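Colleague: When you get a sec, could you give me coordinates for this:
(chains A and B, ligands or ions: 1)
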Amino acid sequence: MTLSNESVMAMVRDGQVEQLAILFERYHVRVFNFLLRMTGDRILSEDLTQEVFFRMLKYRHTYRESRTFTTWMFQIARNVNLDYLRKNHPEMAADDAPEPVARTVDPSDDMEKRENVVRLRQALARLPWKKRELLVLSRYHDLRYQEIADMLDCSVSAIKVGVHRALEDLRRMLWT
Amino acid sequence: MTCEEIRQQIADYLTDESPPLQQAAVREHCRRCAACRHELEEITRVWQQLGILTEEQPGEQLRANFYQMLASYRAGLDDQPTAARFRPGDWLRRHLWPLSPAWQLALVVLVLVTGWLTRPLVLPEGPDPRLAEMQQQMEQLRMTVALSMLKQSSATDRLQAISWGTRLTEPAPEVVTALLTALDRDPNVNVRLAAAEALFTFRANAAARQGLLAALRRQDSPLVQLALIDTIVRLDEPQVPQVLREFMQRPLLNPAVAKEAAKTLVQFGEL
Ligand SMILES: [Zn+2]
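Modeller: Predicted coordinates:
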């Protein structure tokens, strides 16, 4: 039988902290990619990923098995991202502040695809972070709107409206 | 449905979260209403465009940092005084390895921390011997966690453990044994293939080399048999033709595998 994320995290909470290695191996790439799409900075995203797993240890007592592990994990990841913004770029942490252009290099060889990737990254980076977060969570992380709503503590319909609006903003940036 | 209601449901439409009836209603409305149709097409296009941002891999340093952080956190926990009466017997029984990798981890960390606390204040010139010692202890830690993960029931975890074990500079005997067991008995073919590949990277180790030669006889999956034939040929061992000849005596051998074994024997000038 495969150990569920939730039971592994419960073991971590109850003192077998080395079991966090299992969850790290299962999820660090996803956490890293969430942060990379949010910040556009590889080195920074690696540091923040480390911080996410550190907080899982630090706040392990607050984990409840009734809670889906991935929801809890993304909640920590977004808090880490937000804390970083507040501390280092308080002007961007404001709800509708624009953000600078992302600085990642795509490993793709295909020239046209690479241009599209760069354009898309830049457009994503120009979205206010709350909208960007909604898109990143719903598009790339297999999270249901209900899960995102739980995480962000708001209604499901607010999430759906938010996703729609973020996509409209992105469309305007990409094609007009 | 009104246009307003349709707009509210576009997000659902993208992720297939809405029931089929509702999706049909959206499609039906869009067939008649050009404005909503345009909106749905455009939004879907952006949604699909987002798919070109594929997943990236973080640098290796992230993993090393994580395990270092985990080790120091563990050390911090062990330093905390506990209210309960300390009974060495119970404590040892509860933490005895391999029942709990925790003990191994704790030990490694304890050695690390003690070493650091008792370091001489004036450091000698030249490379620090404690750095080498620390690297060795990290390697030990890595091995312990890899071994514990190989016992995981999810194939993904076991694959991860193997890929991780491959990064050890020198495999301890228990790592080679664990890999050979995985190669023989793991229910998942991908895990068996990964174990064969890992053992090949450890081919300087005699046990790994002999284990690979012996594994072909016990292997049932044609896919793994093919991979093993390819692997043992690269071992450059004199027993290879003998192993292959014995293997070809097996009843009900997959024709493709038999052909490959024969072809390899020809290369050895044996057929
Ligand atoms: Zn309409």
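
Colleague: CA only for contacts and neighbour counts going forward, please
Modeller: Will do.

Colleague: so A:Thr49 makes contact with A:His28?
Modeller: Yes. Here A:Thr49 reaches A:His28: they are 7.0 Å apart, a contact under CA atoms under 8 Å.

Colleague: Between these two, point out the one with more neighbours.
Modeller: Counted by other CA atoms under 10 Å in any protein chain shown, A:Thr49 and A:His28 do not tie: A:Thr49 has more neighbours, with 28 against 22.

Colleague: Phi, psi for that one please.
Modeller: Dihedral pair for A:Thr49: phi -60, psi -40, per degrees, to the nearest 10.

Colleague: now swap in the one 10 residues further on and tell me
Modeller: Torsion angles at A:Tyr59 (phi, psi; degrees, to the nearest 10) stand at phi -110, psi 20.

Colleague: where are the low-confidence patches of the stretch 51-200 of chain B?
Modeller: Applying pLDDT under 70 to the stretch 51-200 of chain B flags residues B:78-142, B:153.

Colleague: how much space is there between the residue nearest to the spatial centre of chain B and A:Gln75?
Modeller: By CA atoms, centre = their mean, chain B has its centre lying nearest to B:Gln160, at 0.9 Å. With distances taken as CA to CA, to the nearest Å, B:Gln160 is found 25 Å from A:Gln75.

Colleague: swap in A:Leu152?
Modeller: 8 Å.

Colleague: and the two? which has more neighbours close in?
Modeller: The neighbour comparison of A:Leu152 against A:Gln75 (other CA under 10 Å) goes to A:Gln75, with 17 against 14.

Colleague: wait, the more buried one sits on A:Met151?
Modeller: Yes. Judged on CA under 8 Å, A:Gln75 makes contact with A:Met151 at a distance of 5.9 Å.

Colleague: Helices of the stretch 151-271 of chain B, residue ranges please.
Modeller: Secondary structure of the stretch 151-271 of chain B (DSSP state H, counting those that start in this stretch): helices at B:155-165, B:173-185, B:189-201, B:206-218, B:222-235, B:240-248, B:255-267.

Colleague: and the ion, which of these is closest to it?
Modeller: Ranking the helices of the stretch 151-271 of chain B by proximity to the ion (CA to the ion) places helix B:155-165 first, at 46.0 Å.

Colleague: C-alpha coordinates for the closest one, CSV please?
Modeller: Output of helix B:155-165 as CSV, limited to C-alpha atoms (Å, rounded to 0.1, in the frame of the first residue of the first chain):
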residue,chain,number,x,y,z
ALA,B,155,6.9,3.0,-7.5
THR,B,156,7.6,6.7,-8.0
ASP,B,157,9.2,6.9,-4.6
ARG,B,158,11.3,3.8,-5.3
LEU,B,159,12.4,5.2,-8.7
GLN,B,160,13.4,8.4,-6.9
ALA,B,161,15.3,6.4,-4.3
ILE,B,162,17.3,4.6,-7.0
SER,B,163,18.1,7.7,-9.0
TRP,B,164,19.3,9.2,-5.8
GLY,B,165,21.3,6.2,-4.8
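
Colleague: ok, and what's touching it?
Modeller: A:22, A:25-26, B:142-143, B:146-147, B:149-152, B:171, B:175, B:179, B:188, B:190-191, B:194-195, B:198 (CA atoms under 8 Å, 6 or more residues apart in numbering or on different chains).
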